[in-house]
Each structure stands twice: as C-alpha cells, then as structure tokens.
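Undergrad: everything below, folded, please.
(2 chains, ligands or ions: 2)
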Amino acid sequence: MSAIAFPAPRADILARRDAIIAGLAGLVAPEALITSDDERRPYETDALTAYRRMPLAVVLPSTTQEVAAVLRYCGEQGVPVVPRGAGTSLAGGAIPQEDAVVIGVSKMNRILEIDYDNRAARVQAGVTNLAVTGAVMSEGFFYAPDPSSQLACSIGGNIGMNSGGAHCLKYGVTTNNVLGVTLVMLDGSIVEIGGAHLDAPGLDLLGLIVGSEGQLGIVTEATVRILRSAEGARPVLFGFPSSEQAGAAVAAIIGAGIIPVAMEFMDKPAIEICEAFAKAGYPMDVEALLIIEVEGSDAEMDAQLARIVAIAREHGVKTVKESKSAMETAAIWKGRKSAFGATGRIADYICMDGTIPTGQLPFVLQRMAEIVKGYGLRVANVFHAGDGNLHPLILYNCNDPVEARKAEDAGNDILKLCVEVGGCLTGEHGVGIEKRDLMRVQFNEADLNQQMRVRAVFDGEWLLNPAKVFPLDGRVAA
Amino acid sequence: MTIHTPTTEAQACAVVASVAATGTPVTLRGGGTRTGLGRPTQVVSTISSAGLTGITLYEPSEMVIGARAGTPLAEILRTLADRGQMLPFEPMDHRALLGTEGEPTIGAVAAGNISGPRRINAGAARDSLIGIRLINGRGEAIKSGGRVMKNVTGLDLVKLVSGAHGTLGFLTEVTFRVLPAPECVVTLAWPGLADEAAVALLSAALGSPFEPMAAAHLPAGIGADQARTLLRLENFASSIAYRTDALGELLSQYGRPELIEGAASQELWHSVRDARFFAGSHEAVWRLSLAPTKAPRATAAIIQALPQARWFYDWGGGLVWLAVPVDEDAGAAAIRAAIRSLGGHATLVRAPHAVRAVVPVFEPLAEPLMRVTAGIKNSFDPAGIFEPGRMYAGI
Ligand SMILES: Cc1cc2nc3c(=O)[nH]c(=O)nc-3n(C[C@@H](O)[C@H](O)[C@H](O)COP(=O)(O)OP(=O)(O)OC[C@H]3O[C@@H](n4cnc5c(N)ncnc54)[C@H](O)[C@@H]3O)c2cc1C
Ligand SMILES: Cc1cc2nc3c(=O)[nH]c(=O)nc-3n(C[C@H](O)[C@H](O)[C@H](O)COP(=O)(O)OP(=O)(O)OC[C@H]3O[C@@H](n4cnc5c(N)ncnc54)[C@H](O)[C@@H]3O)c2cc1C
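TA: Ligands and ions are numbered 1, 2, ... in the order given. Presented below is the predicted three-dimensional model:
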C-alpha cells in the first residue's frame, strides 16, 4: 500500500546522523541507544504494518531525567521525535520517519505506588495496561479502560490515544480514568499535571494531553484511578434475526434505565469468523449477536438480566444464552476479544474505527455493506453497541495492490459515512497517519487551525510526532 | 456597559469580531449566578447568551442532549427528568452561596466545569461534556467533539474549554452525555464520627463493590449539632436494600447508620452540593482539592492558623469546603501552606472584591505550565478580550 504520503526526510538531518547519534550517546547509557539496522527494525512500524520507515535512531531511556535530556537535545538540534509505547497503534501513531528519533518508554515499566484508600496508582508510562490491573487485582481492584490490546499496550500509549475498551460504556475511557501525569516538554522541562486528587487547577491541560497522540510532550509517569471490582460479572449472549431488532433492543434497555457494563454487537460474518476460531457456542442461525454483561451480586445480576431478557424477547430475540460458569463467561468473551486475530487467520484485513449515533446503526450497517460490496470486498462488523463505536474489518488480499487500494478506499468511504450521520472518524484508535488526510471531512479550517495553534504552543517547530493527526499542508503557528 | 445579546451563532461571531477589533475586554454572561467567581476583571462590555436558548438535540436512547448555551439549566433538568434521565455530574447551584439571583445556564455549567457530589463516581462536568461550539477571539465559530461519547478525533479542545471560565471563548452550544436517573435513592448517615474516622469510613465504602454514588462528612455544627458521615446509594430498589445491608456490615465498626430517604435525603445532598451551610455568612469560602485521606490533616493544620475556620468534606474527603474570616488575605497564606506538602490545591470561591484582587483565586501554576496556559489563551484569544485576568493575572 502506498496511499498515505510521508514527508520527505530532511537531508540536513540525515547528513548529521553520526553527530546526532554521538550527541545522544552522551546523554543515555549505551544499552539505551539503538542504532544498528537490525535492532532498529522492530521500531520501523506499529500495528499498521502496511507502512514502515526506518528511524534515525531509537532511544529507550530509563528515567524521566533521561527523557528530558534526550528531548531537550532533539529540540535544540531540530530533530523530529516520535514518542512510542508498545507500538500497538492501529492508526500508525507510532510509525517513525527516517529523520526522526524514536523515544520509547518501554523500559520505564515499574508500578511506583498503589494507594487503595485513595483509589489511585502511580505508574511509569511503559507499564502495560493489564499490569496495572494485575498489580491491584489481589485486593479486588482494577484499572477500568480495557483495550483489547491490553496485554501489550502501555499506559503511555493509552494516554497518547485516549484508549477505550468493551467496558467503557459504564467506566469511561482513558481520559475519565487518569488523574495526573508527569510530562516532559520539548524544551526538557518536567511538569506535573494533576495528581492523586480530582480536578487539577487552571485550564484542563490533563484533558488536552490525553489523546494528543504524542504531539505535546512525552508522558513518563501517570496517576490513574483504580476501582473496586464488582462482586461478580456475567455476560449473556443474544442472537437476533436482524440487526434492526438488535439495535432496537439496545435502545430499549437504555430507555429502561439499565446501563450494562458492556454491550457488544457482531454481525453475521463476524459471528462466523469468531465462532470458527473460538468455538464459543455462538448461534449460527442469526443475523446479529449481542453480548451484554452485567455486574453485581448474584441476586442483582439475576434481577437485571431478567429485565434485559424480557426486553430482548419483546424485540424478537431468537437465542438467549446466559453464562452459567466462569468457563462459559471466558468463552463468550474469547470469541469477541479474538475478533481481530480470528479475522487475521482467514484473510488480510484493515480494521476501521469510527463512531456513529447508535440510532443510525441499521442504516449504517446497510450502507457499509453496500460500500464494501461496491469495491468487490467483504466486511465483518464488531461494534461497541452502547456507545456507537464500530469496527468494520474489511477483508482483502494484501498481495494484490489493487485490492489493497480498494480496501483503503472502502475504509475511507465508511469513515466519511460515520461523519455524515453525526459521528466521528475515530472512537478509540486515534488519527495517526491513517486518518490524517480525512480530518477535513470532520473539521473545517477554523476548527483545525484552532487545534493546530494549541499544538504549536507546545511545539512551535512541529518536531513532536510531526506527520501525524493533521493534514501535512495546513500548518499554522501559535 | 454595553450588553450584546446575539441570537444566532453568526451574530455572535460578528459581535466578537467587533469587540476584538477594538480590543475591549468583555465578560461572558449566562444567567449571572456566578458573578464574582474568579479574579475581578475590568470589563467594559458583556456578551450574553440569553438570546441563544433551546434544546437542539435530545436522544434519550443515545443518552445525549445538546442545547444552546443560554438554555436554563432548569429546562435541561426538567426535559431529562421527563424521560427518566439526568446529568451524571449533578451540577452545583451557586446562588445560595454567592447570594446571586438569575437562572444558571447550561453554557456556564460547561464553562465552569461545575460538578456536584456525584463527581466522585460519575466524573466531572468535563467528563460528560462531549461537544462544544464556541466563538474564539478571532470571531470564528469552531467546534470540538460532537454528539458521540467515544471520539478521539484530533485534540480534545472540549476539555480545555470546560473549566476555562469563559477565558478562551464564547460558547454557543454544548452537548452532554446523560444517564438514566436511578429508580431509588437512599442516604446512610453515621452519627458522631471525628474527621479522621469519617474519611476512613468513606474510603472503605468507596473501595467496596457497593458503589456509593456520593460520600460526604459534615462535622458537628455544620447543619446539625452532631457530626454526620453520609453515603448515598442509587440503584434499583432491590439492589439498594441489599447494598444497604452489605455496607452496614462492612462498616459495622463505625456503628449503625441511620437511613434518610425521600425529600429529606434530597434536601441534605442539595445542601452539600451547593455548600448551603456557608450561605448568608460573611466568611470567605475556599474549595480544596486533595487526595481524600489527606484532607483531615490539611484541616487540622489550617485550624492551627485559623481557629475560626469551619469546613465540611465532599467527594469522600477529596473536596474540602472551607469558610474562614475575610480579614487580610482570607487565610490564603495559611491554607496554601497547609496543603502544599500534601499535593492538592485551593480555589477561593467567595470573597469580597478587594480580597480577590490581591489573593490568587486559582492555585498558582509552575512556570512552564503558566507559560503554556498563557500560550493557549493567546491561541484562542490573541486580542485578550475574553474575561482577561479572571483566572490568572495577564491571562
Ligand atoms: C470585579 C468584578 C467586576 C465586575 N463588573 C461588572 C460590571 O461592571 N458589569 C457587569 O454586568 N458585571 C460585572 N461583573 C460580573 C461579571 O463578571 C459576571 O461574570 C457576569 O455577571 C456574568 O455572569 P456569569 O457569566 O458569571 O454567570 P454564569 O452564567 O453563572 O457564568 C459563569 C462563568 O461562565 C462563563 N460563561 C457564561 N456563559 C458563557 C458562555 N456562553 N461561553 C463561555 N463562557 C461563559 C462566564 O465567563 C463565567 O466565568 C463583575 C465581576 C467582578 C468580579
Ligand atoms: C489487536 C489490537 C487490538 C486493539 N484494541 C484496542 C481497543 O480495544 N481499544 C483501543 O482504544 N485501542 C485498541 N488498539 C489500539 C492500540 O492498542 C491503542 O491505541 C494503545 O493505546 C496503543 O498503546 P501503545 O503503548 O502500543 O502505544 P503506541 O502504539 O506506541 O503509541 C500510540 C500513540 O501514543 C503516543 N505515545 C506513546 N507513548 C507515549 C508517551 N509515553 N507519551 C506521549 N505519547 C506517547 C505515540 O506517539 C502514538 O501517537 C488495539 C490494537 C491492536 C493491535
């Protein structure tokens, strides 16, 4: 694929490579500086593997001070910097460019402090999402945002992308669960924003940093909210004869005052792919499947599920399968959580990520099918039904450049459709390089310029993750 | 004093452009109920949102409501209640505390990030605010966010504007995520606890699986002779019964709670939400934000310096409402010294003009953050017309 443009690397920086590396070597321990071809290769791309660029060098600092020294140096030298967590971005947010230094936080992976009384944990940015929950699980606590990549992705990357997951219908996304960060700015200054208390003073800079895709500074530590787990959780699988009925059931459940912790939707192709892989016992004679999870004591879950099942029946549900055991629960979620992996086994795919108003679901599903068919391709849909975040997986053959191009075009058409019906280009994966050139579909020039002016306050020279998020041709100064 | 009252977004753009052209500072007015919040400002004109009213979008099944900025908050709450829904963050009404009149507007709720007791569990106003339309200081109408909850497209200017107290621009329309109102609400009140024990109780409750939606402590003399430690449960009736028992058992070392229901429960939480215990007095009022367990230490230190101080705790201890005598700096030096080592901050919410003119109302920021703050202000408002100096001098 080659549809997404990269800026030409600056020749003057490439020419100074040896000097820049020598400068970096004076700032960090030898093992923290990666310069050989072989060792740089893993940093060429992220989870948007169709695109790759070899970075000038990679630095993996161990302390906030080292990050500050490296950032200050790059800033002074005018060298672009690409902040990196675990490199699982699906939007190409961590893909470098040839004239950039990658600063990765993967070595900064310690849990620094857990404060159960105040329900907060302070962690280094390289800690994986799942490790935070792992560290507090024994006391019955958890960290709420749960991207499917949580085994690998870092808290720093989660902050960069404002990541969410299946359970954010009830618990919110990253921005709702981070209390503070240590941020290193381009000039090397180290600042604390927020802390273990709620509502930091002044402008909500924390809210701005979250989701800023590595464009404002590098996060080295974070204070996150930890929550006490519910007494129990139980999913139910519902099979519906049509997606309209499934959608109407979701609306009716919310209308009845019930907010389940998760409501996941899968269409028929997704059901088939996931069942073939996970053998989760998904019904095969339905058009749409909902996984609805509730929490609480056994009696509370029984009561809530009884209401949900009654509503589903009013909407013509064909199959109702309540989990009766931890094993069944795991199987139900395994099918859903492995949707990406399972799809990868049968075809190459691109995973789109747009959000729509949920009332538009039936229309959007129908239009998406038409769009993808129009390109002669197939699509499978998984969907966070409670909050309208959809993930169409467009299947194609990556060895066929024509088909690859068609898949990208189909994806772009789908994202435009999301904006047309009142939604947005990305619900959780971010803009990165992937949706950079679509930003004008959602924002007009004044909207975008205001964002870029704010960005330029932090980085007037556009050195931090420079070719991401904003169209390459429209830069403005602060 | 000129008052501009645009009735369309285009008119609002024109008003702002003309104000910017002359460089005259302007205050932004919703219902005027928070008059006097922030640093005193020298303004010569007002842009009012009174001409921009009406709900523009309400989809109960999508849990979203949008309205023009000048729409009375009361209209929003009534519309939601008719469909069994509510604003998750339970916005405070400042009228009793500040002695103001008028109708609070939804735009000013967004501009001030105004949250109440539910904030501890359901997030602040900024967490529910998903979309804005705003006129920046160039007279351009810009949007950020939208009408869907999950949206990571571009920089999150929604958060930045929420809590900027009008310093970044004039909001014309705001969109919030809403939640179903609970079927049943009950308050559990433990009498007679000292602050430390009360906050320990609240921490234990908030760290339990029983989901208290609000947690406050009223020391003796605040609203009653005896101290009361309060937890609020909201849920379906059957769950409430179960959780009341479960919490009673978990917290049995603190004695048996009294149950407060119905109007009495609602009245009590409105008093906490609106800091009504300090209404009508001549004291200065502060709002302290701290890690909950550190709050009793902070108040103990403050009372050493300011023996007449009165206070109560919301947000499980994480929010301390503090009333002190007005003399000199309204206790600023003592209060800020007491919390400096504890990692929190203090905001002066109510004080006479003369005091707010000399005491930093918002916690001073570290130098690099102040620089960024000034830069952001300039990026939205290059002529410096919106509420200049309301948050920080020169910003
Ligand atoms: C020292 C001092 C002098 C003053 N002098 C005068 C004066 O001479 N004449 C006068 O009329 N008032 C004066 N005021 C009051 C004025 O500053 C108040 O803010 C005004 O009454 C507007 O009400 P309000 O916006 O606070 O009300 P609210 O509607 O409660 O607004 C609260 C906050 O939200 C912001 N806000 C409200 N609506 C919007 C919106 N649509 N977009 C963005 N932000 C919004 C406001 O800027 C304010 O910070 C003075 C205040 C002080 C402290
Ligand atoms: C199989 C799979 C499933 C996924 N499922 C989900 C899902 O359910 N929900 C979801 O939201 N996402 C999902 N993702 C996307 C991805 O995992 C998230 O975006 C994740 O937050 C990225 O974290 P990372 O540590 O890998 O960051 P990276 O990919 O390394 O970086 C992501 C962005 O953050 C910036 N960044 C990284 N670290 C820092 C830092 N310390 N300071 C400042 N900026 C930084 C980078 O510059 C980049 O712009 C999935 C990805 C895969 C591969």
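Undergrad: quick one: residues contacting the closest residue to chain A within chain B.
TA: Chain A sits closest to residue B:159 of chain B, with a gap of 2.5 Å, by C-beta to the nearest C-beta. Placement of C-beta: from N, CA and C, glycine included. Residue B:159 sits next to A:175, A:204, A:206, A:207, A:208, A:210, B:126, B:129 when contact means C-beta atoms under 8 Å, 6 or more residues apart in numbering or on different chains.
Undergrad: just among the residues you listed, which is most surrounded?
TA: With neighbours defined as other C-beta atoms under 10 Å in any protein chain shown, the most crowded of the contacts of residue B:159 is residue A:207; it has 30 neighbours.
Undergrad: that residue belongs to a strand?
TA: No - per DSSP: H, G, I helix; E, B strand; the rest coil, residue A:207 lies outside any strand segment and is helix.
Undergrad: residue B:157 is in contact with that one, correct?
TA: No - using C-beta atoms under 8 Å as the test, residue A:207 is too far from residue B:157 to be in contact (9.2 Å).
Undergrad: distance of the residue of chain B closest to chain A from ligand 1?
TA: Distance of residue B:159 to ligand 1, computed by C-beta to the nearest ligand atom, to the nearest Å: 15 Å.
Undergrad: quick one: the helices in the stretch 201-350 of chain A?
TA: Assigned helices in the stretch 201-350 of chain A, in chain order: A:205-209, A:243-255, A:268-278, A:298-314, A:326-337, A:339-346 (criterion: DSSP state H, counting those that start in this stretch).
Undergrad: pick the most buried one from these.
TA: helix A:205-209 (a mean of 25; mean count of other C-beta atoms under 10 Å in any protein chain shown).
Undergrad: shaky segments in chain A?
TA: Counting by pLDDT under 70, chain A shows low-confidence ranges at A:1-2.
Undergrad: buried sites along the longest helix along it?
TA: As assigned by DSSP state H, the longest helix anywhere in chain A is helix A:401-420. Buried residues in helix A:401-420, counting neighbours by 16 or more other C-beta atoms under 10 Å in any protein chain shown, are found at A:403-404, A:406-415, A:417-419.
Undergrad: residue A:81: how many residues sit nearby?
TA: The number of residues packed near residue A:81 is 26, by other C-beta under 10 Å.
Undergrad: run through the residues that contact it.
TA: Taking C-beta under 8 Å, 6+ apart, we find residue A:81 in contact with A:71, A:74, A:100, A:101, A:102, A:103, A:186, A:218, A:463, A:464, A:465.
Undergrad: what does residue A:191 give?
TA: Applying C-beta under 8 Å, 6+ apart, we find residue A:191 in contact with A:182, A:183, A:185, B:366, B:368, B:369.
Undergrad: how about the second one, secondary structure?
TA: Think residue A:183. The three-state label given to residue A:183 by three-state DSSP is strand.
Undergrad: against ligand 2, how distant is the residue of chain B closest to chain A?
TA: As judged by C-beta to the nearest ligand atom, residue B:159 and ligand 2 stand 16 Å apart.
Undergrad: which element is that residue on?
TA: helix B:157-161 (DSSP states H and E).
Undergrad: which non-adjacent residue is nearest residue A:456?
TA: Leaving aside its sequence neighbours, residue A:456 sits nearest to residue A:478 (C-beta to C-beta, 6 or more residues apart in numbering or on different chains; 3.9 Å).
Undergrad: returning to that earlier point: please narrow the contacts of residue A:81 to those residing in strands.
TA: Secondary structure defined by DSSP state E assigns A:101, A:102, A:103, A:218 of the contacts of residue A:81 to strands.
Undergrad: contact residues of the stretch 1-150 of chain A facing ligand 2?
TA: By the rule C-beta under 6 Å from any ligand atom, the part of the stretch 1-150 of chain A lying against ligand 2 is A:46-47, A:82-90, A:93-94, A:105, A:125, A:147-149.
Undergrad: quick one, phi psi at residue A:82?
TA: Backbone torsions of residue A:82, given as degrees, to the nearest 10, read phi -120, psi 110.
Undergrad: before we move on, back to that, make a markdown table out of the helices of the stretch 201-350 of chain A and add distance to residue B:250.
TA: Supplementary listing: these in a markdown table, determined by distance: least, C-beta to C-beta, whole Å:
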| stretch | distance to residue B:250 |
| --- | --- |
| helix A:205-209 | 32 |
| helix A:243-255 | 30 |
| helix A:268-278 | 38 |
| helix A:298-314 | 16 |
| helix A:326-337 | 25 |
| helix A:339-346 | 39 |
